[in-house]
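> Okay, here's the prediction I keep looking at, along with the sequence it came from:
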Amino acid sequence: DGGITQSPKYLFRKEGQNVTLSCEQNLNHDAMYWYRQDPGQGLRLIYYSQIVNDFQKGDIAEGYSVSREKKESFPLTVTSAQKNPTAFYLCASSPAGLAGVLGGNEQFFGPGTRLTVL
Amino acid sequence: AQSVTQPDIHITVSEGASLELRCNYSYGATPYLFWYVQSPGQGLQLLLKYFSGDTLVQGIKGFEAEFKRSQSSFNLRKPSVHWSDAAEYFCAVGARNKFYFGSGTKLNVKP
């Protein structure tokens, strides 16, 4: 079955530690995204990547880092510089092409990872 | 700048009643509009999308949405709500490889 997987589902971290969230897709999509979701604030874009070895900052990139070494993988690292990392993190992917450039391709979402800082 | 507004944070309807969730957007060009649904602790699932053409769009689970350019709105409707529709609903605008999401509307369904 094609889809997006995120692991782990729940993650606990001590303050001052970096942690990496996994996101893998087998949909052959070019574009991948990371969102952060907090109650009452909807989804906020952290980073996105339109192609392998390239990525751009979203609206709230501070304290986060990503890599895109393979088409199917887009891991997110939450660093100790992120002051309030407790949140629900969602990964998404979408096809590219002209429709994607214009924003017309829907995004497919993974099940999410809930990160809690202890 | 692009933005999406969902003015209702919470809505409660009785099972079998009709539903309308509001969405207003701000975007300079022709918008690509989407509605997603999220169950607690889960990812988002696409309900429907509008690109062009007929302004009344049919989606999954009996939902529909109407695009009104003059009002910059894309409201989601369902004629008869089921208890399983209780979830959070997000409106989104697609533009230049990015999505802009509203803050969501939580739907409660009374028996």
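Looks like it came in fine. Since we're looking at a predicted model, the values are computed, not measured.
> What score does the residue nearest the centre of chain A have for pLDDT?
Closest to where the C-alpha atoms of chain A average out (C-alpha atoms, centre = their mean) is A:Trp34, at 2.2 Å. If you check A:Trp34, the pLDDT there is 96.
> Just the local confidence number for residue 15, please.
Going with chain A. pLDDT, the model's per-residue confidence, is 88 for A:Glu15.
> let's do chain B instead
97.
> Contacts only, for it.
Taking C-beta atoms under 8 Å, 6 or more residues apart in numbering or on different chains, we find B:Glu15 in contact with B:Val81, B:His82, B:Trp83, B:Val109, B:Lys110, B:Pro111. Yep, even glycine has a C-beta here, placed from its N, CA and C like the rest.
> Partner strands of the lowest-mean-pLDDT helix or strand in chain B, with direction?
When the helices and strands of chain B are scored by mean pLDDT, DSSP states H and E, strand B:98-101 comes last with a mean of 84. If you go by DSSP bridges, strand B:98-101 pairs up with strand B:87-95 (antiparallel).
> Any chance you could list what contacts the partner strand?
A:42-43, A:102-106, B:2, B:4, B:6, B:21, B:23, B:25, B:27, B:29, B:31-40, B:44, B:47, B:74, B:76, B:99-102, B:104-107.
> Strands of chain B, start to end?
B:3-5, B:10-14, B:19-21, B:24-26, B:32-38, B:44-50, B:56-58, B:64-68, B:73-78, B:87-95, B:98-101, B:105-110 (DSSP state E).
> With chain A instead?
Taking DSSP E as the test, the strands found in chain A are A:4-7, A:10-13, A:19-25, A:31-37, A:43-51, A:54-57, A:64-66, A:76-78, A:87-94, A:108-109, A:113-117.
> elements contacting the longest one?
Think strand A:43-51. Counting contacts by 3 or more C-beta pairs under 8 Å, 6 or more residues apart in numbering or on different chains; DSSP states H and E, strand A:43-51 packs against strand A:31-37, strand A:54-57, strand A:64-66, strand B:98-101.
> tell me the most buried of those strands?
Mean neighbour count (mean count of other C-beta atoms under 10 Å in any protein chain shown) peaks for strand A:31-37 among the helices and strands packed on strand A:43-51, with a mean of 25.
> Alright, calling it a day.
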